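Trainee: predicted model and sequence below, questions to follow.
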Amino acid sequence: VARGLGDVYKRQVVFNTPGANANAVAELVIGMLIAGSRNVAAAAQWTQGLAGDPAMAKRVEKGKKQFVGNEIKGKTLGVIGLGAIGSRVANCAIELGMEVYGYDPYISIEAAWNLSSQVHHCVNLNDMLPLCDYITIHVPYLPTTRDTINAQTLALCKDGVKILNYARGELVNTAALLEAMDSGKVSGYMTDFPSEDILGRPGIVCTPHLGASTPEAEDNCAIMAAQELSDYLRNGNITHSVNLPEVHQPRAGGKRICIIHKNEPGMISQITALTTEAGLNIENMVNKSKKNMAYTMLDATGAVDARLSEKLSSIPAVIRVRILNSKNTETQKGEVASGHFTFFIKDPHPAKLAGAVINELLSFMNEPDEKTDGLYPLTSAPRGSILRGSEIFGYDEKEYPEGMLQRAAGWCKAVQGVRGKILSELSG
């Protein structure tokens, strides 16, 4: 794509769907916690070699001794990161009879409310590590979290500790891990991120990034994305944005003015000067910033019209102005039709996710096309691509004007599986 994410971040709201796959990942972690404890992967692979052996029953009874494992009940689990996934893992481990310690210096209020009161909260990672039979890590990959599990932290752990990593491969220092396994400090490593250095090593079980690979997780991602975009289109509220602050404000009557602008001094005074000049009465107002970007949203009564929008847009630091009525307007339809929304697809099945969101947004904003049974055209795209304008809709710009995007060819049938769920979210 000719235009990269840098331009997207500057001019548009970039949403993501954190936590939509949390249950899928948490279930896999618990499954691998048990499987790793009972040496299931190695035992299953050994059993395959018994095919055609007339003495299979005897060999099974004799061979099972080499795969003896341990139960997890009564053991201690340390959870690094108590967000949507980590808190689920901790709560489930409690129900399975484990003693659970958690470390998260940045735990959110929502995550804290969802966390079992039986989880022991540690304020220092170094204090938690020596207590644990198992350690699972659930933090984002940042420069500050790279190699969270390293030679120093492993030295603090119990001998024979088992490590689970279903967050990011770079969170565990591979060289330090292998050295710890050779010495017996680490007895097992279960991860969703295989690499050349760890494949085939005894005690290491790798899965091929299965964490979010469930149809339920895909549906959850699509529904959450539709909810976020719908709330932004209808009310201007921003939830789970990568580049802009979280902003929510109940509607207070009149029209709503939403302004994306640079985070510079004097912006509020410039905005309110123009609303005062227009004779508006501001019923409600909120302003929040995130790094060098800011978002101002206000409900106002009076002459909130295109002329005011033009004046606000003329402020040098203003990037975009949207004026919303109490219901969806032609202005919003134009924004969808002219490609003002960009979808950065990271889902393993982008056609399903992007198709569900875009088609349902279009069905919400425009009249359905009877020829395609209400589905709008969409071409699939490879993972990691940016869908914009003609890339989203698969149309020839010379042949199809903006108002005819819904007539373009190649609508994607992959959206049908989750279309009903998305539609209910958008029309609810």
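Mentor: Arrived safely, thanks for sending.

Trainee: what about the stretch 251-400 of the chain, any weak spots by pLDDT?
Mentor: Applying pLDDT under 70 to the stretch 251-400 of the chain picks out residues 326-400.

Trainee: how about 50 then?
Mentor: Residues of the stretch 251-400 of the chain meeting the criterion pLDDT under 50: 328-353, 356, 359-360, 362-400.

Trainee: now the helices for it?
Mentor: Counting by DSSP state H, counting those that start in this stretch, the segments of the stretch 251-400 of the chain that form helices are 267-277, 306-313, 330-337, 350-365, 390-393.

Trainee: likewise for the stretch 1-150 of the chain?
Mentor: In the stretch 1-150 of the chain, the helices defined using DSSP H, counting those that start in this stretch lie at 5-11, 22-37, 40-48, 56-63, 84-95, 109-114, 125-128.

Trainee: deepest of those helices, which one?
Mentor: Among these, helix 84-95 has the highest mean neighbour count (mean count of other C-beta atoms under 10 Å), at a mean of 22. Every residue, glycine included, has its C-beta placed from N, CA and C.

Trainee: quick one: contacts of that helix?
Mentor: 18-19, 22-23, 25-26, 29-30, 33, 72, 77, 79-80, 82, 100, 102, 104, 111, 114-116, 118-119, 136, 138-139, 166-167 (C-beta atoms under 8 Å, 6 or more residues apart in numbering).

Trainee: try stretch 168-177
Mentor: 137, 139-141, 145-151, 154, 163, 165, 186, 189, 191, 193, 195, 197-198.

Trainee: which among the residues you listed end up buried?
Mentor: 137, 139, 145, 148-150, 154, 163, 165, 186, 189, 191, 193, 198 (16 or more other C-beta atoms under 10 Å).

Trainee: okay, the residues you listed in TSV with pLDDT and distance to Ala317 next?
Mentor: Below are the buried ones among the contacts of stretch 168-177 laid out as TSV (pLDDT from 0 to 100; distance: C-beta to C-beta, whole Å):
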residue	pLDDT	distance to Ala317
Ile137	98	41
Val139	95	35
Thr145	96	33
Thr148	97	39
Ile149	98	43
Asn150	97	43
Leu154	98	49
Ile163	98	48
Asn165	98	43
Val186	98	53
Tyr189	98	50
Thr191	98	46
Phe193	97	42
Ile198	97	49
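
Trainee: mind checking the end-to-end distance for stretch 207-226?
Mentor: Start-to-end span of stretch 207-226 (C-alpha to C-alpha, to the nearest Å) is 30 Å.

Trainee: cool, and stretch 73-86?
Mentor: End-to-end distance of stretch 73-86 (C-alpha to C-alpha): 19 Å.

Trainee: quick revisit: can you tell me which of the contacts of stretch 168-177 are in strands?
Mentor: Within the contacts of stretch 168-177, residues falling in strands by DSSP state E are Ile137, Ile163, Asn165, Val186, Tyr189, Thr191.

Trainee: residues contacting the fourth one?
Mentor: With contact set as C-beta under 8 Å, 6+ apart, Val186 has these partners: Leu154, Cys157, Gly160, Val161, Lys162, Ile163, Leu177, Ala180, Gly203.

Trainee: if we go to 6 Å?
Mentor: Val161, Ile163, Ala180 (C-beta atoms under 6 Å, 6 or more residues apart in numbering).

Trainee: can you check the fifth one too?
Mentor: In this structure, Tyr189 makes contact with Ile163, Ile204, judged by C-beta under 6 Å, 6+ apart.

Trainee: okay, it and Asn39: tell me how far apart.
Mentor: For Tyr189, the distance to Asn39 equals 13 Å [C-beta to C-beta, to the nearest Å].

Trainee: same question for the second one.
Mentor: Using C-beta to C-beta, we find Ile163 at a distance of 16 Å from Asn39.

Trainee: what are the bridge partners for Asn165, then?
Mentor: Ile137, Thr191 (DSSP bridges).

Trainee: ok, which of the helices of the stretch 1-150 of the chain comes nearest Ile223?
Mentor: Closest to Ile223 of these, according to C-beta to C-beta: helix 22-37, at 13.3 Å.

Trainee: now that closest one: how far from the chain's centre is it?
Mentor: 19 Å (C-alpha atoms, centre = their mean, to the nearest Å).

Trainee: for stretch 77-88, same thing?
Mentor: Taking mean C-alpha positions (C-alpha atoms, centre = their mean), stretch 77-88 and its chain are 16 Å apart.

Trainee: one more: stretch 161-168?
Mentor: Using C-alpha atoms, centre = their mean, the offset of stretch 161-168 from its chain centre is 19 Å.

Trainee: on that earlier part again, mind putting the buried ones among the contacts of stretch 168-177 into a markdown table with distance to Val242?
Mentor: Below are these laid out as a markdown table (distance: C-beta to C-beta, whole Å):
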| residue | distance to Val242 |
| --- | --- |
| Ile137 | 22 |
| Val139 | 17 |
| Thr145 | 18 |
| Thr148 | 22 |
| Ile149 | 27 |
| Asn150 | 28 |
| Leu154 | 33 |
| Ile163 | 30 |
| Asn165 | 24 |
| Val186 | 35 |
| Tyr189 | 31 |
| Thr191 | 26 |
| Phe193 | 22 |
| Ile198 | 31 |
